[in-house]
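Q: Dropping the sequence and predicted coords here.
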Amino acid sequence: MANAIRTLVCGNGRMGALVRASVEADEAFELVGQVGIEDVDALDAGDAVPAADLVIDFTNREMLPHLAAYLRRNPAALVSGTTGLDASDQAVLDELSQTMPVMWSANYSLGVAVLRRLVAEAAQVLEGFDVEIVETHHNQKVDAPSGTAKLLLSAVDPDGACDVVNGRDGMVGARPAREIGMHALRGGTVAGTHEVHFFGTDEEVCLTHRAASRQIFVNGAVAAAKRLAAQEPGRYTFEGLML
């Protein structure tokens, strides 16, 4: 199709397969290739991977240096859903954003973007309430707590003023006022459930998002990718671009 967005999909796992299927089914895109962590040599090797207008990446942080090398040779809009990135990884994305539009999010669900906004508003209004964050995922998930749980934590405590406790064990004593509990549950095939509990005196507010399948994350990433491809170089957020 004329003027289709030439798209490279990074990731050969379940998310990568879903992204590829969605890209191939949408005439706005032209799939030019798909690579995974086992194909990093191709990213490092000159013209082994075709130039693209857009890269959608759902791999792991080990892929980032190789992907960055490819993007420095072939600048393209980057939509990244890779979780577990640290400050140095984010610095790489910042560097890339000087010459191309870059979006990274721990979660590409539109519902989660709305949840984050609601959580931020609730945290302001319910100041002084005890906050606990609970996330549940399938038994194959490798990181804990989830990137989305950390995203929700930043909505509750944007300045990092609270002490974060990852679960509790033993004689922990009375709960301190400025403490946030983070709890990770793993089992079965759960695509993702996130709950933010606000506990006050004689009342509780719980804001919850449940994902029925990974397809919602793919739909959000693909929708955001269409918008990002038309943007100027810079760092973009899913929430800022879609809401």
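A: Right, received. Where do you want to start? Numbering: from 1, shown residues only.
Q: Now do the same contact list for Glu204.
A: His197, Phe198 (Cβ atoms under 8 Å, 6 or more residues apart in numbering). From N, CA and C alone the C-beta is placed, and that goes for glycine too.
Q: who's it bridged to?
A: Phe199 (DSSP bridges).
Q: And it, how close does it get to Ala122?
A: Separation of Glu204 from Ala122 (Cβ to Cβ, to the nearest Å): 12 Å.
Q: between the two, what contacts are shared?
A: Common neighbours of Glu204 and Ala122, using Cβ under 8 Å, 6+ apart, are Phe198.
Q: tell me the pLDDT at Ala2?
A: At Ala2, the model reports a pLDDT of 62.
Q: Quick check: closest non-adjacent residue to the residue most central in space within the chain.
A: In the chain, the centroid-proximal residue (Cα atoms, centre = their mean) is Ala106; its distance is 1.5 Å. Once flanking residues are discounted, Ala106 sits nearest to Gly147: 2.9 Å by Cβ to Cβ, 6 or more residues apart in numbering.
Q: wait, the one you found sits on Asn107?
A: Yes - between Gly147 and Asn107 there is a contact under Cβ atoms under 8 Å: 6.7 Å.
Q: Those two - which one has more neighbours?
A: Asn107 (29 against 18; other Cβ atoms under 10 Å).
Q: Return the residues in contact with that one.
A: Going by Cβ under 8 Å, 6+ apart, Asn107 touches Gly81, Ala113, Gly147, Thr148, Leu151, Gly192, Phe217, Phe238.
Q: Does it belong to a helix, a strand or coil?
A: Assigned with DSSP: H, G, I helix; E, B strand; the rest coil, Asn107 falls in the coil class.
Q: ok, it to Ala87 distance?
A: With the distance defined as Cβ to Cβ, Asn107 ends up 19 Å from Ala87.
Q: tell me the two of the contacts of Asn107 that are most distant?
A: Pairwise distances across the contacts of Asn107 peak at 15.3 Å for Gly192 and Phe238 (criterion: Cβ to Cβ).
Q: Of these two, which one has the most company?
A: Phe238 (27 against 23).
Q: What about the residue nearest to that one when sequence neighbours are not counted, how many residues nearby?
A: Take Phe238 and drop its neighbours on the chain: the residue closest to it by Cβ to Cβ, 6+ apart is Ser105, 4.1 Å away. Ser105 sits with 26 neighbouring residues when counted by other Cβ under 10 Å.
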